[in-house]
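Visitor: here is a sequence with its predicted model. Questions after.
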Amino acid sequence: QVQLVESGGGLVQAGGSLRLACAASTRTFAIYEMAWYRQAPGNQRELIARISNGGSRTNYADSVRGRFTISRDNAKTTLYLQMNGLKPEDTAAYYCNTVPPGLMVRNYWGQGTQVTVSS
């Protein structure tokens, strides 16, 4: 059973940093464009950062551009999100998945990792 396991979330003060990781349990990870998504209470899940399968191309939502950096290590089948300059509005559950979601496992989302930013 293919799994995506997110980690690294926590409680941080505004202006702080966190590094999220997403470990995939399959080496087919390397063929997929991947992304970080987040969902705040009452909101729809949104894509905030994406990276090509080889890691050479990245793109960010306006809300996180310049503060967040997505990267990947295909040898370790792991996706990362470095988050700097965190704001209270970044508070959400963060998930990784393919672009579009569900290419690795249909209709699958991991458990996510909670990020809470206090003001």
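Guide: On my side now, so go ahead.
Visitor: ok, residues contacting stretch 45-53?
Guide: Among residues not part of stretch 45-53, those counted as contacts by Cβ atoms under 8 Å, 6 or more residues apart in numbering are 30-39, 57-61, 63-64, 68-72, 74, 79, 81, 95, 99. Every residue, glycine included, has its C-beta placed from N, CA and C.
Visitor: that one: how far from the chain's middle?
Guide: Put simply, stretch 45-53 sits 7 Å off its chain's centre (Cα atoms, centre = their mean, to the nearest Å).
Visitor: list the contacts for the residue lying farthest from the centre of the chain?
Guide: Farthest-out residue of the chain from its mean C-alpha position, per Cα atoms, centre = their mean: residue 119, at 22.3 Å. For residue 119, the contact set (Cβ under 8 Å, 6+ apart) comprises 14, 88.
Visitor: return the distance of the spatially most central residue of the chain relative to residue 77.
Guide: Taking Cα atoms, centre = their mean, the centroid of the chain lies closest to residue 36, which sits 2.7 Å from it. With the distance defined as Cβ to Cβ, to the nearest Å, residue 36 ends up 16 Å from residue 77.
Visitor: do the same with residue 5
Guide: 11 Å.
Visitor: repeat that for residue 99.
Guide: Residue 99 is 16 Å from residue 77, where distance means Cβ to Cβ.
Visitor: can you show me the strands along the protein?
Guide: 4-7, 10-13, 18-24, 34-39, 46-51, 58-60, 68-73, 78-83, 92-98, 113-118 (DSSP state E).
Visitor: to residue 106, which of those lies closest?
Guide: Across these, residue 106 has its closest neighbour in strand 92-98 (10.6 Å, Cβ to Cβ).
Visitor: can you list the strands that that closest one pairs with?
Guide: When sheet partners are counted by DSSP bridges, strand 92-98 sits next to strand 34-39 (antiparallel), strand 113-118 (antiparallel).
Visitor: what does that strand rub up against?
Guide: Applying Cβ under 8 Å, 6+ apart, the external contacts of strand 92-98 come out as 4, 6, 9, 20, 22, 32-40, 43, 45, 79, 81, 104, 108-110, 112-115.
Visitor: narrow these to those that are buried.
Guide: The neighbour count (16 or more other Cβ atoms under 10 Å) marks 4, 6, 9, 20, 22, 32-38, 45, 79, 81, 104, 109-110, 112-113, 115 as buried among the contacts of strand 92-98.
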